Each structure stands twice: as C-alpha cells, then as structure tokens.
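Colleague: Below is the structure, and that's it, no one-letter string:
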C-alpha cells in the first residue's frame, strides 16, 4: 500500500513536471538531482531495487544515472552502465538489422517469409515479412505450458535458430494475415532467421558489425548463460506476499531477436541517436521503418470483440504522441525480472532509455514523465 508520504511526494512531483513543462524549462535547468529525486520517488512507489536511466540530446549523453541496487545479493549500486536484459526492446535491434538488408535490396518486405526463412512451413495463407514486423501475421504469441517450472523453452539452450522455432512453427494461424493484430514474439523471432539466411552471417555477428559497433554499443550482446558479463545486474520478481525473490534460471536462446539481448541505458540512447543521425540507416529507410502500418490497432480477441489500443503500429516500433501532440517512437520490454523502455523523439534527437529490475513496473509511464522534464512546450519550440 502506498503511504501518505508517497502520495504527497507524487503530487509534488506532478506539480514540478507541470511547472517545468509550462514555463519552458531548458535542458540546462534539469539537474541531475532533480532526475535522481524523481527516480527515488519511483523506487519508493514501486519497490524496484534499482532503476537506471540515460538521456541523450543530439548525441550527447547529458544524464546517465542509477539509483538503488543492480544486485541485491551483493548490494551493487545501479548505474547508467549496469547491464540488464532489455526484453522486447531487442526487437528494435532486430528490425534495424532487417531494414539494413531491405536498404541493400536483399529483402523485400512484401515477399513471403519462407523465401528468407525456408525452414518455416507454408501456412494456409501467405505470410509476408511485413506481416511479421507488424504483429499481423496470425502467428501465435506465447501460450500456457511453454514457460515456468514445467516449461521447456526457458530451460533448454538452442545453438541453431532452426531448432529454436520447433515449438510453434507447425501451429495453425490464429487469423488470416493482415486482417487483425496480435502481439507475437514468435513471429518477431523470425527476424533472426531472415538475417542469417540472407546475410550468411550469424545474427549476433551481423548486429555487432552493422549496429552495435557503429553506434558505440559495446556493452550489448546476446544473453548467453555461460558468458561472464561485467557490470551485470539481476532481475527480481515478487512472491505472493509481495517479497522480492531471484528470478529462476532462464535461457533466452529461443528468442534472441524477440527478447534475448542484454544492454545498458547508455548503449540504448546511443542506438537511438545512431538512428536519428543516419549512422545505421539512410533517412528514407528510417522513414519506411517508422511509417504507420496499422491505425487503429485493434487487438485480436478469439472470444469476442477486438480491443483498440492507444498507439499506432509501425515496423516493430510503436508510434505515439506526447501530451503536446509530438511524435514519439517507442518500445518496451519485459523479461527475467526486468522492465525496459526506449523512447525517441527523432525530430528533436532526444532519446531516453530506462531499465528497472523488478516486476511489475510501468516503464513506459515513468520514461514518458522523464521526457516531459526535457521537452519544451510546443510554442517555445517554435519560437512564439
């Protein structure tokens, strides 16, 4: 239960954000202490052991901050360089890898997926690459029995991608591709196969050469259990009484493209800036990647009416608007007791990344609040 003090602090924080927003607070006026105070308030509200954030403006990391603990066993402080699982934010790296091949003329978004992943079976309807990148393929998401103590996916290591799709590749489609929307990490995992088949390189090697090294993301890699990872944090979940406990062993080799990459908030904001400044993809390729593909997004419901969601679907990325109507490109992630959020204002080249190491945690809510501390009002931006 949230204490009265926490409620008062929340109200004070909200007032600060309103004052900062309406008075046109400049970047220089948002101090590290103000950001730390906010993050400590979030820790108080959520009980998260540690939170890391980084803020990049036009390529300069103006804040790289951690509060609390990245590792409770050893009381290791969280920092902006703490390495955590980024969950489904991994998908944004996967789509950039695919779009690199699109840019080179080696992948056509409207060709069938089996042309690039030949070991994925033909279905009753054609599935294109675009369908898999917009969650409109009809391929299912996770189901009961795949995870947990009795599950198989998280206990087995897959060294070959072809083996990592055995658990879903023969399942029937939930709907005709293109006719509905349902979030599917399994469909997104096919990006791994596309990159390896087309490039002739391992997916991790391709990402390192074409994304991580050019962007300066030197702490980013696959989450491979036997690797020693410096500055690595741990994720936590809560038991039925609300107490934190370590996450059970999980091997994410079944979903590297869908949610199996580890990184830092500093690396993630470098990734966003490398997209904004054309380091990774040409402007026309970026425009294609961010172009809205589905609006409105109506979530498929096999038992009733579809539910309209609050964002617009681009290729993997979500397109949203802030409270002043400015475009935000976003994605969130959840895995192994961690929550991640990457938020990018491409026009302003403002990128914010957040990682927290316990569940539940509304990473999008808090990242968007932080963004408003740095964004000037629209009338100030236009010089009015």
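Modeller: Yep, it's here. Every value quoted in this text rests on a predicted model; they were computed, and no experiment measured them.

Colleague: Give me the pLDDT value at residue 210.
Modeller: pLDDT for residue 210: 98.

Colleague: and residue 243, how many neighbours does it have?
Modeller: Neighbour count for residue 243, taken as other C-beta atoms under 10 Å: 9. No exception for glycine: its C-beta is placed from N, CA and C like everyone else's.

Colleague: ditto for residue 286
Modeller: 19.

Colleague: Three-state assignment for it, please.
Modeller: Under DSSP: H, G, I helix; E, B strand; the rest coil, residue 286 falls in the helix class.

Colleague: Could you pull up the residues touching it?
Modeller: 275, 278, 346 (C-beta atoms under 8 Å, 6 or more residues apart in numbering).

Colleague: Highest neighbour count among the residues you listed?
Modeller: Using other C-beta under 10 Å as the neighbour criterion, residue 275 leads the contacts of residue 286 with 26 neighbours.

Colleague: re the thing from before, relative to residue 218, which of the contacts of residue 286 is nearest.
Modeller: Among these, residue 275 lies closest to residue 218 (C-beta to C-beta), at 17.4 Å.

Colleague: Look up how far residue 85 lies from the closest residue to that closest one other than its chain neighbours.
Modeller: Setting aside the residues directly before and after it, residue 275 is nearest to residue 286 in space (C-beta to C-beta, 6 or more residues apart in numbering), at 6.2 Å. For residue 286, the distance to residue 85 (C-beta to C-beta, to the nearest Å) stands at 26 Å.

Colleague: right, and the helix or strand after the helix or strand of the chain with the lowest mean pLDDT?
Modeller: Here the helix or strand of the chain ranked lowest by mean pLDDT, DSSP states H and E is helix 4-22, holding a mean of 41. Heading C-terminal from helix 4-22, the first helix or strand you meet, by DSSP states H and E, is helix 32-46.

Colleague: Determine the set of other helices and strands touching that following helix.
Modeller: helix 4-22, strand 50-57, strand 60-71, helix 363-374 (3 or more C-beta pairs under 8 Å, 6 or more residues apart in numbering; DSSP states H and E).

Colleague: could you redo the last one with a cut-off of 7 Å?
Modeller: On a contact count with 3 or more C-beta pairs under 7 Å, 6 or more residues apart in numbering; DSSP states H and E, helix 32-46 meets helix 4-22, strand 50-57, strand 60-71.

Colleague: tell me which residues of it are tucked away?
Modeller: 34-35, 37-39, 41-43, 45-46 (16 or more other C-beta atoms under 10 Å).

Colleague: and if you look at stretch 291-298?
Modeller: 293-294, 297.

Colleague: now stretch 49-60
Modeller: 49-57, 59.

Colleague: and it, what's its mean pLDDT?
Modeller: Mean pLDDT, computed over stretch 49-60, is 97.

Colleague: do stretch 261-274 as well
Modeller: 98.

Colleague: quick one: which of the buried residues of stretch 49-60 is nearest residue 230?
Modeller: residue 52 (15.1 Å).

Colleague: separation between the closest one and residue 259?
Modeller: Relative to residue 259, residue 52 is positioned 18 Å away (C-beta to C-beta).

Colleague: and residue 110, what pLDDT?
Modeller: Residue-level confidence at residue 110 comes out at 98, pLDDT.

Colleague: ugh, wrong one, I meant residue 216
Modeller: Reading off the model, residue 216 has pLDDT 98.
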